[in-house]
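In: make a model of this:
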Amino acid sequence: MESTEFKINDYLSLELWGGKTFIYVNGKKFTHCKYVLLNIPVGDFDHYSSIKSIDEIMDNLDHSLEDYPRTIPPEVEFWAHCSNLQAWEEYGYNTDLLDSALSFPLLKKLTQEGDPQAKRAFKEEIAKRLIRGDLNNVRYLVEEGYSEFLTSDEIISIISSEDCPIFENIFNALKYRDSEILSYIDSLYADISKYLFSSIKKKLKQILDTNNLEDLYTLFNWQMLDVLSEKEILSLFDPPMNLMEKSIKILNKINYDEIKIEEYGLFSEKIEKILGDKIKEKLLNVIHKGNIKYLVLWRLNALKYLEGANTDYLNYLK
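Out: Numbering: from 1, shown residues only. A predicted model of the protein is given here:
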């Protein structure tokens, strides 16, 4: 059986064999191509500049070519794959030009085989996808281990930058209960939790500065602080953040029956355990500082922490 070969560079080539297109990296068979979704001719990339990535197209088109793979003759499909991979290589292994499920494993393999261009592009492409903040992309990179090729400092710098919407996208998915994302948001949030303290702290400051009730409810009702370390949680409840005091003061401004904090109140089991006796101490401090409504404390399920507390103010409110 005859085969047709096409060499892109010293590390990357394709072969048509038995009606299937195979990709080779450094002379070793890597995988076979499934079907052609879009053919991007070499030198014609500018016509596709409005598209962020092939992944975006795949999310918005039906997959008729996948259902009917023989609508294109093998030879035509082979040359389309060759054209796409050559364009991908000529544009610096830009992962926007290929499905992520192919581009990142292929780029990783090229890097491992010593391709100098791939070595330069690999981390840059991972960082590029992270900074865009698309949660499906972030989930793929994290679950497949690509985020591990960046240092913790690099990822923290990316996620905490003004241009990166990862945390905001997660927050809004929880706030608006996005059904498409909720199925995996908990695991993704936990997976990247060690990089989120700066973003959470910045969000908290924004909430407290603007008295944003809906965002405050999202934070506590989804127990978003539970992903943080003990040290990080303690720092949020201590000065200058004073999360407990400032949150209660915000909620004290509305009628107790309008408060939308769920039954466990402001404190999850993890936060209760970390704060310990500090909860009573901080609550008493809040009570003595201002006119906190008794029914607000009741609605927040906070009175249980004050049992046995010697406070005339609390008795007066009762």
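In: quick one: find the helix or strand in the protein with the lowest mean pLDDT.
Out: Across the helices and strands of the chain, mean confidence by mean pLDDT, DSSP states H and E is lowest for helix 64-67: a mean of 51.
In: how near is Lys203 to Leu130?
Out: 18 Å (Cβ to Cβ, to the nearest Å). Backbone N, C-alpha and C define where each C-beta goes, glycine included.
In: so those two - more neighbours on which side?
Out: Neighbour count, other Cβ atoms under 10 Å: between Lys203 and Leu130, Leu130 has more, with 24 against 19.
In: OK, contacts around that one?
Out: Asn137, Val138, Leu141, Ser147, Leu150, Ile155, Ile158, Ile159, Cys164, Ile166 (Cβ atoms under 8 Å, 6 or more residues apart in numbering).
In: now for the residues you listed, which sits with the most neighbours around it?
Out: Taking other Cβ under 10 Å as the neighbour criterion, Ile166 ranks highest of the contacts of Leu130 with 25 neighbours.
In: give me the nearest residue to that residue, chain neighbours excluded.
Out: With sequence-adjacent residues excluded and distances taken as Cβ to Cβ, 6 or more residues apart in numbering, Ile166 is closest to Gly133, at 4.3 Å.
In: ditto for Asp226
Out: Nearest residue to Asp226, sequence neighbours excluded (Cβ to Cβ, 6+ apart): Lys270, at 4.8 Å.
In: what's downstream of the host helix or strand of the one you found, the next helix or strand?
Out: For Lys270, the host element (DSSP states H and E) is helix 269-275. Later in the chain than helix 269-275, the nearest helix or strand by DSSP H and E is helix 278-289.
In: sort out which residues of that next one are buried, please.
Out: Ile279, Lys280, Lys282, Leu283, Leu284, Val286, Ile287 (16 or more other Cβ atoms under 10 Å).
In: what about the closest residue to the first one other than its chain neighbours, how many neighbours?
Out: Nearest non-adjacent residue to Ile279, counting by Cβ to Cβ, 6+ apart: Tyr305, 4.7 Å away. Neighbourhood size, Tyr305 [other Cβ under 10 Å]: 21.
In: need the pLDDT of Tyr305.
Out: pLDDT, Tyr305: 89.
In: can you pull the contacts of the closest residue to Gly27 other than its chain neighbours?
Out: Residue nearest to Gly27 in three dimensions, not counting chain neighbours: Ser13, with 7.9 Å by Cβ to Cβ, 6+ apart. Listed by Cβ under 8 Å, 6+ apart, the contact set of Ser13 reads Glu5, Phe6, Lys7, Ile23, Tyr24, Gly27.
In: and those, which is closest to Asp209?
Out: Using Cβ to Cβ, Ile23 comes nearest to Asp209 of these, at 52.5 Å.
In: burial check on that closest one, number of neighbours?
Out: Using other Cβ under 10 Å, Ile23 has 20 neighbouring residues.
In: would you agree it falls within a strand?
Out: Yes - Ile23: assigned to a strand according to DSSP: H, G, I helix; E, B strand; the rest coil.
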